[in-house]
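Asker: what follows is a predicted protein model with its sequence.
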Amino acid sequence: MGYGSKLIQYIGAFYKDKYKAMIVGTGDVPWVIQFYEKNGLHLSRRIHNFFTDNYGHPIFENGVQLVDMIYLKKELWLC
């Protein structure tokens, strides 16, 4: 229904006068990364083995084991 996209747009517009950028951290799940990229965020950095090194058990999202932490960034002056 587009609620996630609308929320990202709202947050960006609300904070654009207070902050320079929005940074989001997520697991390395392709469809999640595509969602954020579709909403104007771009890959900022990757922390390899973040989930496997920092959690005592495997973490899965929709059947995909999370390994790397992905950070995406959007410049708020573009909102």
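Answerer: On my side now, so go ahead.
Asker: hang on, isn't residue 47 packed against residue 67?
Answerer: No: Residue 47 sits out of contact with residue 67 when judged by Cβ atoms under 8 Å, with a separation of 10.0 Å. (C-beta placed from N, C-alpha, C; glycine too.)
Asker: angles on the backbone of the most centrally placed residue in the chain, please.
Answerer: Central residue of the chain (Cα atoms, centre = their mean): residue 24, 3.7 Å from the mean position. Here is the backbone geometry of residue 24 (degrees, to the nearest 10): phi -120, psi 130.
Asker: helix or strand: which one has the nearest residue to it once chain neighbours are set aside?
Answerer: Counting by Cβ to Cβ, 6 or more residues apart in numbering, the nearest residue to residue 24 once its immediate chain neighbours are dropped is residue 72, at 5.0 Å. Here residue 72 is covered by strand 69-75, with elements defined by DSSP states H and E.
Asker: elements contacting that strand?
Answerer: strand 21-27, helix 30-38, strand 42-47 (3 or more Cβ pairs under 8 Å, 6 or more residues apart in numbering; DSSP states H and E).
Asker: so what touches the shortest one?
Answerer: The set of residues external to strand 42-47 that reach it, using Cβ atoms under 8 Å, 6 or more residues apart in numbering, is 23, 28, 33, 37, 68, 69, 70, 71, 72, 73, 74.
Asker: excluding chain neighbours, give the residue nearest to the first one in space.
Answerer: Excluding its sequence neighbours, the residue lying closest to residue 23 (Cβ to Cβ, 6+ apart) is residue 73, at 5.1 Å.
Asker: with only the CA atoms kept, save stretch 71-79 in PDB.
Answerer: Taking Å, rounded to 0.1, in the frame of the first residue of the first chain, the C-alpha atoms of stretch 71-79 are listed here in PDB:
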ATOM      1  CA  TYR A  71      24.000   1.200   5.700                       C
ATOM      2  CA  LEU A  72      22.100   3.300   3.200                       C
ATOM      3  CA  LYS A  73      22.100   7.100   3.100                       C
ATOM      4  CA  LYS A  74      19.900   9.800   1.600                       C
ATOM      5  CA  GLU A  75      20.800  13.400   1.500                       C
ATOM      6  CA  LEU A  76      17.900  15.300   3.100                       C
ATOM      7  CA  TRP A  77      18.400  18.500   1.200                       C
ATOM      8  CA  LEU A  78      17.100  16.600  -1.800                       C
ATOM      9  CA  CYS A  79      13.700  16.000  -0.100                       C
END
